[in-house]
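> for reference, the sequence and a predicted model appear below.
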Amino acid sequence: MDLLQVNDLKTYFFTEAGVVKAVDGITFNVEKGCTVGLVGESGSGKSVTAQSVLRIVPRPGKIIGGKIFFNGEDILSKKEDEMRSYRGKKISLIFQDPTSSLNPVFTIGSQLTEIVSQHKGVKKSDAAEEVIKALSLVRLPDPEEALNRYPHQFSGGMKQRICIARALLLNPELLFADEPTTNLDVTIQAQIINLLMELQKNIGLTLVMITHDMGIVTQMCKCVVVLYAGNVMEIGSIEQIFQMPHPYTEALLKAVPRLDQTRKLVSIPGNIPNLINPPSGCRFHPRCQYAIDRCKDEIPPLIDVGDGHMISCHRWRELNGG
Amino acid sequence: METLLEVKDLVKYFPVYSRGIFMKKVVGNVHAVDHINFEVRKGETVGLVGESGCGKTTTGKLILNLEKPTSGEVKFEGIDVLKTFEKGSNEEKSRLRRSMQMVFQNPYASLDPRMTIYDIISEPFKIHRHIPKEEWEDRVYKLLSMVGLEPYHAERYPHEFSGGQRQRICIARAIAVGPKFIVADEPVSSLDVSIRAQILNLMMDLQKDLGISYLYISHDLSSVRQISHRVVVMYLGEIVESAPTEKHFEHPIHPYTRALISAVPIPDPSRKMDVILLPGEVPSPINPPSGCRFHPRCQYATDKCKREKPRLEEIDKDHFVACHYAMNFM
C-alpha cells in the first residue's frame, strides 16, 4: 500500500525577482515500509517537496497546486491545527545541518522532553524517560547524562543522532531525511547510514532519503525518484535506473567520480537552469546530448515504460532499442 | 620523476589559552600537524585525504607559508621556503610566490564582489609585475579561454556567475602567474555533482598542458581517485599511509585507510558495500591518544599500539604505512 502519494505538486516562491517554480508538477508514491531516494542537485526541488508534504514551506513559498495523500487522507485540505497532529507524530523530518537545528541555549533534555510533554500531555519525568529511550535507540552513549548537556558539547555525528532521536520521539510512520550526512565525515556518514537502515528494519519506518549522492541511494534505497529543476525525470528501482536510465540520470552517473574505478569523466555541459525562467519543453534539454527539436517544444509526460519504471523523456524508447 | 616539493618533519601546534582577564596562559596545544614527511614530484597530483580536523588544510597553508610552522622544513625545487620568506629578498619571495599558488574551497568567498573578472585576473600582474603592461589584456583573455570562459565574461562581476564558473575564475587567477605548483583545497566540494566533473577535468587538462603539480586536498575519496597519482592519508595530524593511487585503493594496508575506503558508498547496485564501521569519533587533537593515534578506534589494536608510536615505513615500492602490524595486512 502507498503510505504517501504526491500528485502533480506545485510549490512556487513568489520573490521580488519573479516566481521561482521550485517544484513544478512532481508526482511520486512512497510504499509503506520502503526506503525511497529523492535524488537531485541543488535547486531540483527535493527539500521543498519534503517541506510541502509537512506544509512548512517558508515564505514567500506557497503550494499552489496538486494533491498530497497520506494514508489516503488529503493533507492539503487539512486545517492548520489538524496539520499539527501530523507533524512529528505521523510525518517527521531530519535536517541537513544538525548544528543549526538544535537550539544552542537549551539542554538536550529540555528540548526533547518539551516535545513529548507538549504532544502527549505527560509529566516531565515520564517524558524524560521516553527521551532516554529514544536516545538509546539511536545509540547515543550515556543518554541519561546527555539530557543535561548542551548541543555544543556534542560532535556533529552525535548531534545528528540526537536529531534522529528527536524525529522519532512521537513514533512517526514516515521520516524524511534531508541530506542527513552531507555535513559529516565519511566514517561518521557510514555510522549514520547504518543506523537509519537498522531503524528502518527494526521499527518498520518508512524512509524518504533526500540526497545528491548516487552512492548513498544505491546502497540504501529500493526505489529512486530523480528530480531535475523541479520536475521528475525518472522513477524506478535501483536496478532499473542503472540498466536503462533517463538521459539525465545517465549523464549524472557518468559525471560522478567513482571509488572503484578510474575513467574519463564525461561532464554535463552548462549549468543548472534558473527556475524563474525554466527552459521550455523538457527542462533538461539544453544540457542533454540527445535533445531534438521536439524536446524544446513539448514537455515529455511521465509514463510507465514497464514494471513501474516511469520515465519523462521523448527519446528514451528509441535510445533503449524500442 | 623529479622532486618538486619536499615536506620534512613539518609541525604546527596551535596554542590553547586559558580564560583569564589579565593573563593569557597556554594550557595546551592543538596538534594540528605533527611531524609529517612527504614529497610532490614534477607534473603529478598528490591527493591529501582525511576527515575534518586531521590537519590537511593546515598542511596546505604551511607549505605556502600562509601559516608559520612550529618547526620543520619545506623545500621547493631545493629552495628552503620558510627561510626565503623570513630572510630572502623581495625578488626571491616574489619568485617563490609566483611558483606556488592556491585554489580555495569556497569560490563564493574567494572573489572580491566589487572587482570585475578582468581586475581579478589581472591583479596578480599588478602585484608581481612579471609581464609588461601592454600584454596584460591579451593574457587575461587567454587565461579566460584556457579555463573555458568567454572574452565577454571579463567585464562582469562575480555575482553574475555560478559556483562552477567562479571556481574557473579562481583557477584562472591562480595560473595567471605561471605557477609550477598549486594547492587545491577541496576545490569541488561546494559545487553541484554535475559541475564537479567539469572542474576536475579542467584541472587535469591544465596539468597536461602546463605541467602543473597539484596538492589536491579533499575528504571525497572518489574525486581523489579520479585526479591523483599518489594519495597521502592523514589522521589526527599524522600521516598513516601514502601510496600510488592504484595501490592505495586496491590494496590499502592501514586499518584506518581500509575503513575509510570501505565507508564510501559506490553507485553500483551490483556492488554491495562491506563497511568497516569504526567505533566512536576522532579524538581531540589537544590530547591525542598515546602510541598510535588510531588505536582507540582500531579493532586490531594491542598493548604495543598504546605504548609505541609506529613509524612511517616503506613496505613496498613507494608505499608507506605507519602501523606496527602492516606486514600482517599485506
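Sure thing, it's come through.

> three-state assignment of A:Y12?
Secondary structure state of A:Y12, per DSSP: H, G, I helix; E, B strand; the rest coil, is strand.

> run through the bridge partners of it.
Counting by DSSP bridges, A:Y12 is bridged to A:K62.

> what number of residues lie near it?
Residues lying near A:Y12 (other C-beta atoms under 10 Å in any protein chain shown) number 22. No exception for glycine: its C-beta is placed from N, CA and C like everyone else's.

> so how far is chain B from it?
A:Y12 sits 22 Å away from chain B, going by C-beta to the nearest C-beta, to the nearest Å.

> quick one: the helices in chain A?
Taking DSSP state H as the test, the helices found in chain A are A:46-54, A:80-83, A:108-120, A:124-137, A:143-146, A:156-168, A:186-203, A:214-220, A:238-243, A:247-255, A:293-297, A:316-319.

> one more: the stretch 1-150 of chain B?
Residue ranges of the helices in the stretch 1-150 of chain B, as given by DSSP state H, counting those that start in this stretch, are B:56-63, B:81-87, B:90-99, B:117-128, B:136-146.

> the helices of chain A: which one's closest to A:G61?
With respect to A:G61, and counting by C-beta to C-beta, the nearest of these is helix A:46-54 at 6.9 Å.

> which strands and helices sit next to the closest one?
Secondary-structure packing of helix A:46-54 (3 or more C-beta pairs under 8 Å, 6 or more residues apart in numbering or on different chains; DSSP states H and E): strand A:2-15, strand A:18-31, strand A:35-39, strand A:61-70, strand A:91-94, strand A:174-178, strand A:206-211.

> ok, the residue lying closest to B:E2 once chain neighbours are set aside - contacts?
Once flanking residues are discounted, B:E2 sits nearest to B:K42: 4.7 Å by C-beta to C-beta, 6 or more residues apart in numbering or on different chains. Applying C-beta atoms under 8 Å, 6 or more residues apart in numbering or on different chains, one finds that B:K42 lies in contact with B:M1, B:E2, B:T3, B:L4, B:K180, B:G211, B:S213.

> now for the residues you listed: which two are most distant?
Greatest spatial distance among those (C-beta to C-beta): B:T3 and B:G211, at 14.5 Å.

> CA atoms only for stretch B:219-227 - export them in CSV, please.
Output of stretch B:219-227 as CSV, limited to C-alpha atoms (Å, rounded to 0.1, in the frame of the first residue of the first chain):
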residue,chain,number,x,y,z
HIS,B,219,37.7,14.4,2.1
ASP,B,220,36.0,13.0,-1.0
LEU,B,221,37.9,9.8,-1.8
SER,B,222,36.1,9.2,-5.2
SER,B,223,37.4,12.5,-6.6
VAL,B,224,40.8,11.9,-5.1
ARG,B,225,41.0,8.6,-7.0
GLN,B,226,40.0,10.4,-10.2
ILE,B,227,42.6,13.1,-10.1
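
> touching that stretch from outside, list them.
A:185-186, A:215, A:256-259, A:262, A:265, B:45, B:47, B:49-52, B:56, B:186, B:188-189, B:196, B:200, B:203-204, B:214, B:216, B:218, B:231, B:245, B:249, B:260-261, B:264.

> one step back: okay, the helices and strands packed on helix A:46-54, which one's buried deepest?
Sort the helices and strands packed on helix A:46-54 by mean neighbour count, taking mean count of other C-beta atoms under 10 Å in any protein chain shown, and strand A:35-39 sits at the top with a mean of 26.

> who does it pair with, and is each partner parallel or antiparallel?
Checking strand A:35-39 against DSSP bridges gives partners strand A:206-211 (parallel), strand A:223-228 (parallel).

> and those strands as TSV, adding mean pLDDT?
What follows is the strands paired with strand A:35-39, written out as TSV (pLDDT from 0 to 100):
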stretch	mean pLDDT
strand A:206-211	94
strand A:223-228	95
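
> so which of those gets nearest B:K87?
Comparing the strands paired with strand A:35-39 by their distance to B:K87 (C-beta to C-beta), the top pick is strand A:206-211, with 51.6 Å.

> beta partners of A:N7?
Counting by DSSP bridges, A:N7 is bridged to A:K67.

> and it, how far from B:C292?
Distance, A:N7 to B:C292, using C-beta to C-beta, to the nearest Å: 57 Å.

> try A:K89
Distance, A:K89 to B:C292, using C-beta to C-beta: 48 Å.

> cool, B:P252 as well?
Computed as C-beta to C-beta, the B:P252 to B:C292 distance reads 16 Å.

> same deal with B:I175?
Distance, B:I175 to B:C292, by C-beta to C-beta: 40 Å.

> of the two, who's got more company?
Neighbours around B:I175 and B:C292, counted as other C-beta under 10 Å, are more numerous at B:C292. The numbers are 27 against 21.

> grab the nearest non-local neighbour of that one.
Closest to B:C292 by C-beta to C-beta, 6+ apart is B:C305, at 4.5 Å.

> enumerate every residue touching the one you found.
B:C305 sits next to B:G291, B:C292, B:H295, B:C298, B:H324 when contact means C-beta under 8 Å, 6+ apart.

> if you rank the residues you listed by neighbours, which is first?
Of all the contacts of B:C305, the highest neighbour tally under other C-beta under 10 Å goes to B:C292, namely 27 neighbours.

> between the contacts of B:C305, which is nearest A:P301?
Nearest to A:P301 among the contacts of B:C305 is B:C298, at 54.7 Å by C-beta to C-beta.

> give me the subset of the contacts of stretch B:219-227 lying in strands.
Members of the contacts of stretch B:219-227 lying in strands (criterion: DSSP state E): B:T45, B:G47, B:V49, B:Y214, B:Y216, B:S218, B:V231.

> tell me which helix or strand comes right after the helix or strand encompassing the residue nearest to B:C292.
Using DSSP states H and E, B:C305 maps to helix B:303-307. Using DSSP H and E, the helix or strand that follows helix B:303-307 towards the C-terminus is strand B:313-316.

> which single residue in chain B comes nearest to chain A?
Per C-beta to the nearest C-beta, B:P265 is where chain B lies closest to chain A, at 3.2 Å.

> show me what contacts the closest residue to that residue other than its chain neighbours?
The shortest distance from B:P265 to any non-neighbouring residue, by C-beta to C-beta, 6+ apart, is to A:G215 (3.2 Å). Counting by C-beta under 8 Å, 6+ apart, A:G215 makes contact with A:V256, B:S222, B:V264, B:P265, B:I266, B:P267.

> let's see 10 Å
Residues in contact with A:G215 (C-beta atoms under 10 Å, 6 or more residues apart in numbering or on different chains) are A:V256, A:R258, A:L259, B:S222, B:V264, B:P265, B:I266, B:P267, B:D268, B:R271, B:M273.

> any of those buried? List them.
For the contacts of A:G215, a burial check counting by 16 or more other C-beta atoms under 10 Å in any protein chain shown picks out A:V256, A:R258, A:L259, B:S222, B:V264, B:P265, B:I266, B:P267, B:D268, B:M273.

> my guess is the fifth one meets B:M273, correct?
Yes - with contacts counted by C-beta atoms under 10 Å, B:V264 reaches B:M273, the gap being 8.5 Å.

> now the common contact residues for the two.
By C-beta under 10 Å, 6+ apart, the residues touching both B:V264 and B:M273 are A:A190, A:G215, A:Q219.

> not counting its neighbours along the chain, what's nearest the last one?
Of all residues beyond its chain neighbours, the one nearest A:Q219 is B:P265 (4.4 Å), with distances taken as C-beta to C-beta, 6+ apart.
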